[in-house]
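*Asks:* Could you look at this predicted model? Sequence included:
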Amino acid sequence: MTQKKVIIVKLGGAAITEKRGVCQLSNPQQLEETLDQVETAYWHLTKSGHQLILIHGAGSFGHPQAKQYNLKPGWTTTTPPTPHYLKGFSHIRHCLQSLSQHICSSLESRNVPVLAMSPLDYIQTQDCEQTSTELFQPMAARVRQYLDLGFVPVLHGDAILDGIRGCTILSGDIIMYQLTQLLTVTRCIFITDVCGIYKSDPKQDNSSTSNPLIREILAQEEKEQIQSNGSTIDVTGGMGGKIKWAKKIVLSDNKIDCIICKWGSKEALDMMCLEPIGK
Ligand SMILES: Nc1ncnc2c1ncn2[C@@H]1O[C@H](COP(=O)(O)OP(=O)(O)OP(=O)(O)O)[C@@H](O)[C@H]1O
Ligand SMILES: C=C(C)CCOP(=O)(O)O
């Protein structure tokens with residue numbers, strides 16, 4: 001019997017939403033293809049006894065709103081939130097829930113047994129990314145419980161309460177990292193709208209000579225010559241943030257594969273179906 005494996009797929013905000021807009025989904029063909037691949041991968045994994053966790057990014061349903069209301073630094077716990085913060089927090093949560101609802105109902109109609117989980121309900125951070133892994137235990141325990149029952153848990157980058165900042169923004173990339181620390185995970189896949197990591201943003205330089213795709217990155221290397229400032233609003237660090245958390249995953253357990261690939265690509269489907277890397 002093959003050993004049961006768990007994979008985590010993050011559907012990036014750039015894959016499922018139009019990040020140049022506000023509360024705008026990706027074009028229907030892009031979104032359909034992305035979710036079709038998730039459906040195919042789910043059936044493939046299930047047949048072989050493997051399990052799938054989904055996380056989605058916020059894209060245009062979270063980043064512009066977080067910026068507008070200054071929600072990442074939060075309101076601090078010493079003073080109560082101003083009406084501006086109350087409105088912003090309530091508004092962003094409403095936007096995020098509508099995105100999660102859309103993704104989950106599209107997958108449910110494809111017969112993928114998804115169960116949505118809002119991180120806000122499972123974690124209060126202590127200074128956002130500085131939060132210790134043990135505080136993520138209730139979230140991981142619920143994910144484990146859903147997996148054991150045969151469901152596909154769906155989490156997302158979220159606006160959450162924070163013991164120091166009052167509130168903050170928790171990236172799906174950090175949720176990915178924390179889950180790898182608490183569950184046994186074989187592979188992490190980041191699906192976005194570019195084929196991987198380049199020397200600099202491929203949307204600003206699409207020449208394969210001056211801006212090649214970097215196929216592998218040494219996780220131990222402190223600094224690599226990668227520029228990661230993108231052209232859309234991203235309060236959680238964009239591609240730079242993703243590289244940071246992917247490296248932390250690999251450094252914490254070098255048996256976990258970490259892959260960044262483009263929605264709809266053959267690589268994305270192969271990686272989600274647990275095909276070997278580099279085939
Ligand atoms: N060096 C780079 N290599 C590849 N992409 C880069 C680079 N620098 C900037 N980018 C940009 O990073 C974007 C992907 O990062 P982003 O954080 O938007 O991904 P995501 O996970 O899909 O979104 P979200 O954070 O909303 O979930 C691409 O759209 C690309 O234009
Ligand atoms: C902007 C919000 C609310 C969450 C960010 O999550 P990410 O898109 O996974 O980085």
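*Replies:* That came through, no problem. Ligands and ions are numbered 1, 2, ... in the order given.
*Asks:* Which helix or which strand is home to residue 64?
*Replies:* helix 63-68 (DSSP states H and E).
*Asks:* For residue 104, which residues are in contact?
*Replies:* By Cβ atoms under 8 Å, 6 or more residues apart in numbering, the contact set of residue 104 is 114-116, 154. Placement of C-beta: from N, CA and C, glycine included.
*Asks:* I'd like to know how far it sits from residue 124.
*Replies:* Counting by Cβ to Cβ, to the nearest Å, the gap from residue 104 to residue 124 is 24 Å.
*Asks:* Residue 16: neighbouring residues, count only.
*Replies:* 28 (other Cβ atoms under 10 Å).
*Asks:* Correction: the previous question concerned residue 240.
*Replies:* Residue 240, neighbours per other Cβ under 10 Å, totals 14.
*Asks:* quick one: pLDDT of residue 141?
*Replies:* You'll see residue 141 listed with a pLDDT of 98.
*Asks:* quick one, phi psi at it?
*Replies:* Phi and psi for residue 141, reported as degrees, to the nearest 10, are phi -60, psi -40.
*Asks:* Give me the neighbour count for it.
*Replies:* Using other Cβ under 10 Å, residue 141 is surrounded by 13 other residues.
*Asks:* check contacts around it.
*Replies:* Residue 141 touches nothing, counting by Cβ under 8 Å, 6+ apart.
*Asks:* So which elements touch the helix holding residue 64?
*Replies:* helix 83-108 (3 or more Cβ pairs under 8 Å, 6 or more residues apart in numbering; DSSP states H and E).
*Asks:* Would you indicate which residues of the helix it packs on are buried?
*Replies:* Buried residues in helix 83-108, counted by 16 or more other Cβ atoms under 10 Å: 85, 88-89, 92-93, 95-97, 99-100, 102-104, 106-107.
*Asks:* Which member of those residues is positioned nearest residue 45?
*Replies:* Closest approach to residue 45 among the buried residues of helix 83-108 (Cβ to Cβ): residue 107, at 13.8 Å.
*Asks:* quick one: residue 214 from ligand 2, how far?
*Replies:* 21 Å (Cβ to the nearest ligand atom, to the nearest Å).
*Asks:* For ligand 2, give me its nearest residue in this protein.
*Replies:* Closest contact between the chain and ligand 2, by Cβ to the nearest ligand atom, is at residue 157 (1.9 Å).
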